[in-house]
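Colleague: Need the 3D shape of this:
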Amino acid sequence: MSLGDAILPIVILLGVLVFVHELGHFVVAKLFDVRVERFSLGFGPALLRRRVGETEYVIAALPLGGYVKMLGEVPGEELPEPDRARAFNYKPPWQRIAIALAGPAMNVVLPVFMVAGLLMAGIPTLTSSVGAVRPGTPAELAGLLPGDRITSVSGSEIWRWKDLTEALRLRSTPEVEIGVERGGEQLSFAVARERLEDGSLGPIGVEPFAASSMVGVADEDGPAAVAGIQSGDVITEVNGTPVTDRYALEVALAAARGELELELRRKLGDTEERLIIRVRGDAAPRSLEGLGLVPADFSVIDVQPVSPARAAGLQDGDLFLRVAGEPVSSGNQVRERIRASEGRPIEVELLRAGERVTIELSATRRLIPVGDGMEPHFVIGISIGPELTGGTYADEVVSNPLVALWRGVDRTFEMLRLIIVGVAQLVTGSVGVESLAGPIGIGEIAADTLQRSWTDFFSFMAVISVNLAILNLLPIPVLDGGQILLTLAEMARGSPLPDRAREMAQALGFSLILVLMGFAFWNDISRNWEGIIGFLKSLV
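Modeller: Numbering: from 1, shown residues only. Sure, this is the predicted structure:
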């Protein structure tokens, strides 16, 4: 993605959020009869301007913010007696606090309606179609197959995967009746769950996705490696038995005896090669471990837009071979070695379309979800796992506006909680300032989400809107939170603060904002230096 690709999405994103924020200030100021002299989207030279009544409306050249200019908001501003009735600084403190709160409040209200609107329009939701059935589990023993669509649990109709997991969690009886649709026919299966040591009931053994039969070489002296199998190969047949996923591969290997004849696919650049490899051995049942193989659950399945991985050039589908000089044979090993680097440059060796690629990168410390909270870890900004197939989605439409709004409130408060935790950890030093993203970083994420879908873009906009609300409520003068703090100090003092004190507070607040912006811009520049140079060259 080029730097130019990020410009339009961030203009749309910030344009909407800034307009909503400033509209909050504007409406409440008008409500309290404060004269609004200018409503500006952006800073710097005006591109468009129009006066309507007493207010000048401006679209400025730098679309990274905006402001509402009110009469009398400048500290120490002398006003003639007739103007004081409509001046911001001459209004009662509670009205000034309400005006300052209105902007952040609008940035919290907006996501509620955005989430509700998305729900009413329809959000792609994982259905209850079965992608894989684990061998030896209650579901397999009962007769469930990949491709079945589970329609009911003990008589209760379901269609979403989360409905299935919730229904199984709530059932206290070991045996459940599972209704499925298979090939247009309605079937029913009695599935007996095992009771675990802690007294809870275990899973039935179905999954929405199926991991592919791609393998990695764990033992370079093992039978499979000696026979010529390589990391990244996808096994498609075992002794003539087709395999479509990891579980089918394990079952086919366990049933095989003697010499193994394995058919596999191997990527070679933009093409694929089909190979038949024979692995000699005794008549004992086989397994991946016995062959010196492991399931390839350590390939890149997603690269985050603003991340060390994206900057270093990692791509979806890359398979990790070595991290920090050590071979890896599981996703957990990849994560552990990246975290152990603690931000020091490390070298990773990857398999990409059949070719080995070596890349150097440095992990950054960021918050990641752990349980119900967030914890700082060194990460490079990727999701890793096996290649997946299956997983059926359908639009979930909430037709009741009240239900949609309630879910919007719930989701917005969850975003608030997570962001507040993140800000607190940034302030305490648990997370470094290298995790901050500036306009380039936000634009890159916005462009990435917009390329995927409008749903993803609006969901990201909702998150940034909540971020903007919390940022503006920080007790830093020049921000809304700082203005509220100064007004509360005035109320406690019983008289207006001295102009000198206000000016010093404003200068301090402005300095803090510049420092934060400096870190964010520096992070953007350091992550996107080559892209910035390329963009400037394209302009020239």
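
Colleague: and the closest residue to residue 273 other than its chain neighbours, what element?
Modeller: Computed as CB to CB, 6 or more residues apart in numbering, the closest residue to residue 273 that is not its neighbour in sequence is residue 266, at 4.8 Å. C-betas here are computed from N, CA, C, even on glycine. Applying DSSP states H and E as the criterion places residue 266 in strand 260-268.

Colleague: does residue 108 sit in a helix, a strand or a coil?
Modeller: Three-state assignment for residue 108 (DSSP: H, G, I helix; E, B strand; the rest coil): helix.

Colleague: burial count for it?
Modeller: 20 (other CB atoms under 10 Å).

Colleague: For the closest residue to it other than its chain neighbours, which residues are in contact?
Modeller: Spatial nearest neighbour of residue 108, excluding adjacent residues (CB to CB, 6+ apart): residue 469 at 4.9 Å. Going by CB atoms under 8 Å, 6 or more residues apart in numbering, residue 469 touches 104, 105, 107, 108.

Colleague: Run me through the strand neighbours of the host helix or strand of residue 216, direction for each.
Modeller: Using DSSP H and E, residue 216 maps to strand 215-217. Its sheet considered, strand 215-217 pairs with strand 293-295 (antiparallel) by DSSP bridges.

Colleague: got the buried residues for the next helix-or-strand element following the strand it pairs with?
Modeller: Under the assignment DSSP H and E, the closest C-terminal helix or strand after strand 293-295 is strand 299-303. For strand 299-303, the neighbour count (16 or more other CB atoms under 10 Å) marks 299, 300, 303 as buried.

Colleague: separation between the second one and residue 191?
Modeller: For residue 300, the distance to residue 191 equals 35 Å [CB to CB, to the nearest Å].

Colleague: re the thing from before, tabulate the contacts of residue 469 (JSON lines), appending pLDDT and distance to residue 404.
Modeller: Listed next are these as JSON lines, based on pLDDT from 0 to 100; distance: CB to CB, whole Å:
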{"residue": "104", "pLDDT": "94", "distance to residue 404": "23"}
{"residue": "105", "pLDDT": "95", "distance to residue 404": "20"}
{"residue": "107", "pLDDT": "94", "distance to residue 404": "20"}
{"residue": "108", "pLDDT": "94", "distance to residue 404": "17"}
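
Colleague: Can you lay out those as TSV showing distance to residue 41?
Modeller: Below are those laid out as TSV (distance: CB to CB, whole Å):
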residue	distance to residue 41
104	17
105	19
107	15
108	20
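
Colleague: List buried members of these by neighbour count.
Modeller: Applying 16+ other CB under 10 Å to the contacts of residue 469 flags 104, 105, 107, 108 as buried.

Colleague: The last one contacts residue 413, correct?
Modeller: Read it as residue 108. No: with contacts counted by CB atoms under 8 Å, residue 108 stays clear of residue 413, the gap being 9.0 Å.

Colleague: residue boundaries of the strands in the stretch 251-400 of the chain?
Modeller: 260-268, 271-279, 293-295, 299-303, 319-323, 326-327, 345-352, 355-362, 364-370, 373-379, 382-385, 388-390, 393-396 (DSSP state E, counting those that start in this stretch).

Colleague: Turn those into a markdown table, including distance to residue 465 and mean pLDDT.
Modeller: Output for the strands of the stretch 251-400 of the chain, formatted as a markdown table (distance: least, CB to CB, whole Å; pLDDT from 0 to 100):
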| stretch | distance to residue 465 | mean pLDDT |
| --- | --- | --- |
| strand 260-268 | 42 | 90 |
| strand 271-279 | 45 | 90 |
| strand 293-295 | 41 | 91 |
| strand 299-303 | 24 | 89 |
| strand 319-323 | 36 | 92 |
| strand 326-327 | 43 | 88 |
| strand 345-352 | 36 | 91 |
| strand 355-362 | 31 | 90 |
| strand 364-370 | 19 | 70 |
| strand 373-379 | 19 | 73 |
| strand 382-385 | 25 | 90 |
| strand 388-390 | 32 | 84 |
| strand 393-396 | 22 | 88 |
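
Colleague: how about those strands, which one is nearest residue 229?
Modeller: Minimum separation from residue 229 across the strands of the stretch 251-400 of the chain (CB to CB) falls at strand 271-279, 5.9 Å.

Colleague: Direction-wise, compare the closest one with strand 260-268 and give the angle.
Modeller: Counting by axes from the mean of the first three to the mean of the last three CA atoms, to 10 degrees, strand 271-279 points 160 degrees away from the direction of strand 260-268.

Colleague: related to what we said a few turns ago, and which of the contacts of residue 469 is nearest residue 449?
Modeller: For these, the nearest to residue 449 is residue 107 (18.3 Å; CB to CB).

Colleague: which residues does that closest one contact?
Modeller: Counted by CB under 8 Å, 6+ apart, residue 107 has contacts 17, 20, 21, 24, 465, 466, 468, 469, 472.

Colleague: try 6 Å this time
Modeller: Contacts for residue 107 (CB atoms under 6 Å, 6 or more residues apart in numbering) come out as 21, 465, 468, 469.

Colleague: three-state assignment of the third one?
Modeller: Classification of residue 468 by three-state DSSP places it in helix.

Colleague: What sits closest to it if chain neighbours are left out?
Modeller: Using CB to CB, 6+ apart, the closest residue to residue 468 is residue 107 (4.9 Å).

Colleague: how many neighbours does residue 44 have?
Modeller: When neighbours are counted by other CB under 10 Å, residue 44 comes out with 11.

Colleague: need the contact list for it.
Modeller: Neighbours of residue 44 in contact, by CB under 6 Å, 6+ apart: 60, 61, 62.

Colleague: how about a markdown table for those residues, with pLDDT, secondary structure and distance to residue 332 added?
Modeller: Shown next, in a markdown table, are the contacts of residue 44 (pLDDT from 0 to 100; DSSP: H, G, I helix; E, B strand; the rest coil; distance: CB to CB, whole Å):
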| residue | pLDDT | secondary structure | distance to residue 332 |
| --- | --- | --- | --- |
| 60 | 90 | strand | 50 |
| 61 | 85 | strand | 50 |
| 62 | 82 | strand | 46 |
